[in-house]
Each structure stands twice: as C-alpha cells, then as structure tokens.
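Student: below is the structure, and that's it, no one-letter string:
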C-alpha cells in the first residue's frame, strides 16, 4: 500500500501543513521527543495486529516505541509487510513469528474488539486519553492530562 499523501488527505480543508508540522514539532521538542516531517499517512491495521501479538510476549512492549519511531520520526510505511518485519527485527522481536501473525491475521479479532471499545468510548482521533469516563483527543500538554485525571477523580501523589 502506498498510503495517501498529506496534501491529498487535507485537500480542500484550508489546512497549512507546514504550520501543523511546526506546531507538533514544537510540542514534541518541549517534551524532548523526536518528530519527523511526514509526507504520507498509511493504514496501520497490520501494525495494530502486531502490537496485539507483541503484548503476548515477555518483552513485547518494545513494539510500541519502535512503531512510533518508525512512523512519526522516520516516516515508514506501516502498511508494508516488509517494513513491519524490519521494524520487528530491529526491536529484537522474533521476525518469523511476526511474519506468521501477518500471514494468518491471528490477532485481527483482538484488534476488532479494541476498535469496538474505542467506538463505545467515542474516540474520534489518536491519541485519545480516557480516564474515569472522561476523555481528551490529540497530543496534549501535561496540564491537559493532569486536568483529565483530576476530573476523573485521581488523587495527586504527595
């Protein structure tokens, strides 16, 4: 899959892609996080299935940072099986098992259940943070997440 260019995605919406990038880059820089200038968006369904699979492994949580970096920093195509397997291997996860997961689509139902849950929560974008029945959509500053947790009844640590 070739994905869709950001110009195509936002065509006719009067969006300034450079300004959008600069805003996100600024937010990421404030948090000390790397962020690259992507040109395309890709269907991440297969990556999500690999994420569910990786959660069954002892050290599988490494997949989340690896996929985040691949997409948001390096602009990798997360719909491309070869790219996904390279990311898996670089993260130190078993490439052969990941290839079988992609071939069999054995975690497709688990991802469907996650999607059903997100629709029930009213998720309209990513990232979405949900706590205590409240939610906030999009990349947020620390204060917004703190307010969400407070609204949900969390007690600050002393």
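Tutor: Good, I have the coordinates. Just so it is clear, the structure is predicted and the values come from calculations on it, not from any experiment.
Student: neighbours of residue 103, just the number please.
Tutor: Counted with other C-beta atoms under 10 Å, the neighbours of residue 103 add up to 9. Any C-beta I mention is one placed from the backbone N, CA and C, and that applies to glycine too.
Student: so where does it fall, helix or strand?
Tutor: helix 95-104 (DSSP states H and E).
Student: tell me the mean pLDDT over that helix?
Tutor: Mean per-residue pLDDT for helix 95-104: 98.
Student: so what touches the next helix or strand after it?
Tutor: Going down the chain from helix 95-104, the next helix or strand is helix 108-121, by DSSP H and E. Residues outside helix 108-121 that contact it (C-beta atoms under 8 Å, 6 or more residues apart in numbering): 45, 48-49, 52, 128, 130, 135.
Student: just flag the most distant two among those residues.
Tutor: 49 and 135 (24.2 Å; C-beta to C-beta).
Student: at which residues are the strands of this structure located?
Tutor: For the chain, the strands defined by DSSP state E cover 4-5, 40-41, 128-131, 134-137.
Student: reformat those strands as CSV; add mean pLDDT.
Tutor: Output for these, formatted as CSV (pLDDT from 0 to 100):
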stretch, mean pLDDT
strand 4-5, 90
strand 40-41, 91
strand 128-131, 88
strand 134-137, 86
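Student: out of these, nearest to residue 66?
Tutor: strand 40-41 (18.7 Å).
Student: quick one: strands adjacent to the closest one?
Tutor: In the sheet, strand 40-41 lines up against strand 4-5 (antiparallel) (DSSP bridges).
Student: off-centre distance for the partner strand?
Tutor: Computed by C-alpha atoms, centre = their mean, to the nearest Å, the separation of strand 4-5 from the middle of its chain amounts to 17 Å.
Student: hmm, who's touching it?
Tutor: When contacts are defined by C-beta under 8 Å, 6+ apart, strand 4-5 is touched by residues 39-42.
Student: now for the lowest-mean-pLDDT helix or strand in the chain, which elements pack on it?
Tutor: None of the helices or strands of the chain scores lower by mean pLDDT, DSSP states H and E than strand 134-137, at a mean of 86. The contact analysis (3 or more C-beta pairs under 8 Å, 6 or more residues apart in numbering; DSSP states H and E) places strand 134-137 against strand 128-131, helix 142-151.
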